[in-house]
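Peer 1: Sequence below, structure please.
(2 chains)
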Amino acid sequence: MNGIWYYMERDMIKWFRGRIGVVTLLVMPAAWLIFVGLALPVTFTGNYLDFITPGILVMTMLASSMQGGALLMFDKILGFLNKFLALPTPRESILFGKILFITIRGVIQSTIILLVAILIGATILSPIQYGTIFLILILFGILLSGLATTLALYVGDHDSYAAVNTMISMPLFFTSSALMPYSVMPPWLRAIASVNPLSFAIDAIRSVGTGVVPFLQIGILIVLGIVVIALCIRVFRGMTV
Amino acid sequence: MNAIETHDLTRNYDSLCAVDHLSLSVNNEIFGLLGPNGSGKTTTVLMLTTLLRPTAGTATVCGYDIVREGEKVRQQLSYVPQDMAVDIKLTGRENVLLFAHLYGIVNPKDKTDEVLSIMELSDRADDLIRTYSGGMRRRLELAQALVHEPAVLFLDEPTIGLDVAARKKIWEHIGTLRKNGMTIFVTTHYMDEADQYCDRVGIVSNGRVVALGQPSSLKSQLMTDVITAKISGPFVPLEVEGIQFVGQKDDEITFTAENGKEALPRIAQSLTENGIQVRSLSLREPTLDDVFLHAVGKQEEPHHFNDQQFRTMLRRRK
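Peer 2: Residues are numbered from 1 along each chain as shown, chains lettered A, B, ... in the order given. The predicted structure is shown next:
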């Protein structure tokens, strides 16, 4: 257990000292929020900013997780992983430490994005609603960071991983319910969007905004999370003796 | 009970046999595993540190089986790999403290201070690693490895890429640890360093131990003097009484003889008689290099370079 904390602490210090990295990951979601959220002329809702904010929060989590996936791969390439694996600390703590760090980082970044949204005019919700939103974001972060870390380990080199990352992120975002409601989507997009895991998280956050607790979506995220973590452990063990 | 015991330890990468039925016992000494690049040194260390599964054979570290009792083995050892992996965005103290925490040391802060001062890094402990020299980074890695007082220390090429002074310092530290009762397993391809600092060495070639013993006894097994001749043109093996041909490396031919001074003119004469032009002759005491050359024979690439095999090996090794 302790190992997880110290592995997380290591990444956290490195991230804060990186400075540039702290800001750059926030630029894209902030730009979406401001330039699309405030400017796009839509007819299906009176407050598009309120509509798009859940999508942007999930996007922040997605970008942070996908970028974080490369961390364990770099530890492997640079020789840190071998040093860590030779320690008596349970080996899975390396993996869990990464997932914990990436998720915490994602939550910090989403919080900033949420503050920006409120600043430029999004409706303010109750503390319980915000609590539920963060629960959903954390579940989604665990799911994605586990997936990204495993994927990067599997791909093995950073060029290929960057390519995979680009290939996955944008299509996943555009085929989700982030930008428009299901009712205005063409039928083929609706079919894709309704099974996109991003949509589960976005829809869940949106229904929190309308005062409903989305038990179904939270349940789906928990089940998916457990499956992904189990898969991660398997791949991680396979890759490290 | 020996600190390290291996029995027919074998590792194959597909059809390439990196370590071939290796049997060793190492206890309370500085043991140097020597050999050219690609001879299976690192693979051996990876197996002993439980980072790689052997294909066949067994090995124990402090009595624990490296396959079945991995976690217990890891409690006994520290491992410093070849590629220097220290976090450049962290300070020296933070780097060591991380390991102290991960090892679950009782009073991590004090222990960190202690190993930093042993490695003479106290005055730079709070600087970022970014500002450390190569030698300091290596010493920091040693500090990380020492923080939990391991019984066995594995060092893979500890002095690679360091200058003469830094190398000497590293070896002095290793010597001190040995005096305090630690078993140290070092791999290197610097024969002179092994000769000077190791209690015992094993020379490996193509995954097999071809010579094993104290550097001094290995050297004395060769005849006393070594004569090196530089020649032009092709070399034809010659038969001269009391003189043994050891090996050839480019245009350098090495012989051994019991009395070098007497052998010198006879070699010169014999070479000239065989139509070989001698450019220079030199005489010296044998070194581990000669032992190595003698044990391995003519130094050459083991077989033609197989790119595919090499990639497989690298991938598995990481």
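Peer 1: Show me the strands in chain A, by range?
Peer 2: Counting by DSSP state E, chain A forms no strands at all.
Peer 1: can you list the weak-confidence ranges in it?
Peer 2: A:1, A:241 (pLDDT under 70).
Peer 1: Now do stretch A:41-51: distance from first to last residue.
Peer 2: The straight-line separation of the ends of stretch A:41-51 (C-alpha to C-alpha, to the nearest Å) is 13 Å.
Peer 1: Mind listing what's buried along that stretch?
Peer 2: If you call a residue buried by 16 or more other C-beta atoms under 10 Å in any protein chain shown, then stretch A:41-51 has these buried ones: A:48-51. Placement of C-beta: from N, CA and C, glycine included.
Peer 1: As CSV, these with distance to residue B:128 would be great.
Peer 2: Formatted as CSV, the buried residues of stretch A:41-51 follow (distance: C-beta to C-beta, whole Å):
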residue, distance to residue B:128
A:48, 46
A:49, 42
A:50, 44
A:51, 45
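Peer 1: Chain B: which of these is nearest?
Peer 2: Chain B has its nearest neighbour among the buried residues of stretch A:41-51 in residue A:49, at 37.0 Å by C-beta to the nearest C-beta.
Peer 1: OK, contacts around the closest one?
Peer 2: A:33, A:37-38, A:117, A:120-122 (C-beta atoms under 8 Å, 6 or more residues apart in numbering or on different chains).
Peer 1: Please type out the PyMOL selection for whichever of those turn out to be buried.
Peer 2: Those of those that count as buried under 16+ other C-beta under 10 Å are selected in PyMOL with:
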select buried, chain A and resi 33+37+117+122
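Peer 1: near chain B, which residues of chain A?
Peer 2: Applying C-beta under 8 Å from any C-beta of the partner chain, we find that chain A lies next to chain B at A:2-3, A:6-7, A:9-10, A:13-14, A:17-18, A:76-80, A:82-90, A:156, A:240-241.
Peer 1: With adjacent residues omitted, what lies nearest to residue B:174?
Peer 2: residue B:184 (5.8 Å; C-beta to C-beta, 6 or more residues apart in numbering or on different chains).
Peer 1: before we move on, what SS does the one you found have?
Peer 2: strand (DSSP: H, G, I helix; E, B strand; the rest coil).
Peer 1: I'd like to know how many residues surround it.
Peer 2: Close neighbours of residue B:184, defined as other C-beta atoms under 10 Å in any protein chain shown, add up to 24.
Peer 1: in the sheet, who's paired with it?
Peer 2: residue B:30, residue B:153 (DSSP bridges).
Peer 1: Surely it and residue B:27 touch.
Peer 2: No: using C-beta atoms under 8 Å, residue B:184 is not in contact with residue B:27; the gap is 11.0 Å.
Peer 1: for the residue nearest to residue B:183 when sequence neighbours are not counted, what are its contacts?
Peer 2: Counting by C-beta to C-beta, 6+ apart, residue B:183 lies nearest to residue B:3, which is 3.9 Å off, once chain neighbours are set aside. Contacts for residue B:3 (C-beta under 8 Å, 6+ apart) come out as B:26-28, B:61-62, B:151-152, B:183.
Peer 1: what's the farthest-apart pair in the residues you listed?
Peer 2: Maximum pairwise distance among the contacts of residue B:3 (C-beta to C-beta): 13.4 Å, between B:28 and B:61.
Peer 1: follow-up on the earlier one: please flag which of the contacts of residue B:3 sit within strands.
Peer 2: Using DSSP E, the contacts of residue B:3 in strands are B:26, B:61, B:152, B:183.
Peer 1: how near is the last one to residue A:127?
Peer 2: I take that to be residue B:183. Here residue B:183 is placed at a distance of 59 Å from residue A:127 (C-beta to C-beta, to the nearest Å).
Peer 1: And the first one, by the same measure?
Peer 2: Taken as C-beta to C-beta, the spacing of residue B:26 relative to residue A:127 amounts to 63 Å.
Peer 1: For residue B:124, grab the count of nearby residues.
Peer 2: Per other C-beta under 10 Å, the neighbour tally for residue B:124 reads 18.
Peer 1: go on, residue B:206?
Peer 2: 18.
Peer 1: What's the separation between it and residue B:13?
Peer 2: 13 Å.
Peer 1: what do you get for residue B:60?
Peer 2: 23 Å.
Peer 1: same thing with residue B:56?
Peer 2: 13 Å.
Peer 1: cool, residue A:237 as well?
Peer 2: To residue B:13, residue A:237 is 20 Å away according to C-beta to C-beta.
Peer 1: which of those two has more neighbours?
Peer 2: Higher neighbour count among residue A:237 and residue B:13: residue B:13, with 19 against 12, using other C-beta under 10 Å.
Peer 1: next one: phi and psi at the more buried one?
Peer 2: phi -110, psi 100 (degrees, to the nearest 10).
Peer 1: ditto for residue B:3
Peer 2: phi -60, psi -40.
Peer 1: Would you quantify the distance from residue A:139 to residue B:29?
Peer 2: 54 Å.
Peer 1: Please apply the same query to residue A:211.
Peer 2: 73 Å.
Peer 1: out of these two, which sits in the more crowded spot?
Peer 2: The neighbour comparison of residue A:211 against residue B:29 (other C-beta under 10 Å) goes to residue B:29, with 16 against 9.
Peer 1: Let me know the pLDDT of the closest residue to the more buried one other than its chain neighbours.
Peer 2: In space, and not counting its chain neighbours, residue B:29 is closest to residue B:199: 4.0 Å by C-beta to C-beta, 6+ apart. For residue B:199, the model assigns a pLDDT of 93.
Peer 1: Near residue B:199, how many residues? Count them for me, please.
Peer 2: Neighbour tally, residue B:199, other C-beta under 10 Å: 15.
Peer 1: Residue B:214 is in contact with that one, correct?
Peer 2: Yes: with contact defined as C-beta under 8 Å, residue B:199 counts as touching residue B:214 (6.8 Å).
Peer 1: mind listing what residue B:185 touches?
Peer 2: Taking C-beta under 8 Å, 6+ apart, we find residue B:185 in contact with B:4, B:26, B:31, B:33, B:45, B:48, B:152-155.
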